[in-house]
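S.K.: Can you look at this prediction? I've put the sequence above it.
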Amino acid sequence: MKAMILSGGRGKRLRPVTDTIPKPLIRINNKPLIEWKINYLKKFGIKDIIICSGYKGKKIENYISKKNNFGCNIEYSIETTPLGTAGAIKKAIKNIVDDSFIVLNGDIITNINLKKMMAKPNCIAAIELRTNYGTMKIKNNKIIQFNEKTDVKNIWMNGGIYHLSTDIIKILPAKGSIEGIVFPKLAKKNSLNTVKFKNVLWRSIDSHKDVETCSKEMIQKKYMKFILKG
């Protein structure tokens, strides 16, 4: 099975670092995001990878080339103008010959079990909603419980990991968001599946604070050991 890593974003909230390097080369515990993603895929036996790049994409290619492609077969699908997640997938899907493929958002660090995803096509990894703010349980206008920075139980969010059928090309726009355009159509047809994951490492790297928090969480949850065992 092939996998796509969506790595075309500019990472504006990570400036000034991303003024000189693309977001996938932001380092988490001394390794770029893109390296963590490739090693993560290898952990599950996926070594055929398409990197969908755009902003400063040549720097990503140069880094991976210096690492001898990490023992993988790596191809590139390059956007000359931003296409959005759906457009990026549509552009790259011509390189997929199997019936289905994996898609990963390039700015996520996780230990979600991809094997559980592979059993269902047109499937989204779901994780419990997380908030960086304190949540409150209220009764009769009195706060009876206060939880600092916690998961919101039984509210599920899109984890940015997909197992998609190649048939999805029929409804992919040339430009736009798969989350905003394609997934609502599939959901309306009752054709969108999910696998729920609880108590997993999951962190989206959107800010400098995320880099710091993720680095600590990876060590605490022994994610680096999880990857190295692969």
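M.R.: That came through, no problem. Note that the coordinates shown come from a computational prediction; the quantities given were computed from them, not determined experimentally.

S.K.: can you list the weak-confidence ranges in the protein?
M.R.: Confidence mapping of the chain against pLDDT under 70 gives the ranges 11, 17, 132-133, 141-144, 148-153, 229-230.

S.K.: Which stretches in it count as helices?
M.R.: Applying DSSP state H to the chain gives helices spanning 33-43, 57-66, 84-92, 114-117, 183-188, 208-220, 223-228.

S.K.: Which strands or helices does the last one pack on?
M.R.: For helix 223-228, the contact count by 3 or more Cβ pairs under 8 Å, 6 or more residues apart in numbering; DSSP states H and E identifies helix 33-43 as packing neighbours. Quick note: C-beta positions are derived from backbone N, CA and C, even for glycine.

S.K.: again, but for the second one
M.R.: Contact here means 3+ Cβ pairs under 8 Å, 6+ apart; on that basis helix 57-66 packs against helix 33-43, strand 48-53, strand 73-78.

S.K.: Among the ones you listed, show me which one is buried the most.
M.R.: strand 48-53 (a mean of 23; mean count of other Cβ atoms under 10 Å).

S.K.: of all the helices of the chain, which lies closest to Tyr162?
M.R.: Smallest distance to Tyr162 across the helices of the chain (Cβ to Cβ): 7.9 Å, for helix 114-117.

S.K.: mind listing what's buried in the closest one?
M.R.: For helix 114-117, burial by neighbour count (16 or more other Cβ atoms under 10 Å) applies to 114, 117.

S.K.: same question, stretch 210-222
M.R.: Buried, per 16+ other Cβ under 10 Å, within stretch 210-222: 210-211, 214-215, 217-218.

S.K.: ok, back up a step: now the helices and strands packed on helix 57-66 in a markdown table, with distance to Lys222?
M.R.: Output for the helices and strands packed on helix 57-66, formatted as a markdown table (distance: least, Cβ to Cβ, whole Å):
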| stretch | distance to Lys222 |
| --- | --- |
| helix 33-43 | 14 |
| strand 48-53 | 25 |
| strand 73-78 | 27 |
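
S.K.: for the ones you listed, which one sits closest to Ser7?
M.R.: Closest among the helices and strands packed on helix 57-66, once you apply Cβ to Cβ, is strand 48-53, at 5.0 Å.

S.K.: and that closest one with strand 73-78, angle?
M.R.: Counting by axes from the mean of the first three to the mean of the last three Cα atoms, to 10 degrees, strand 48-53 lies at 20 degrees to strand 73-78.
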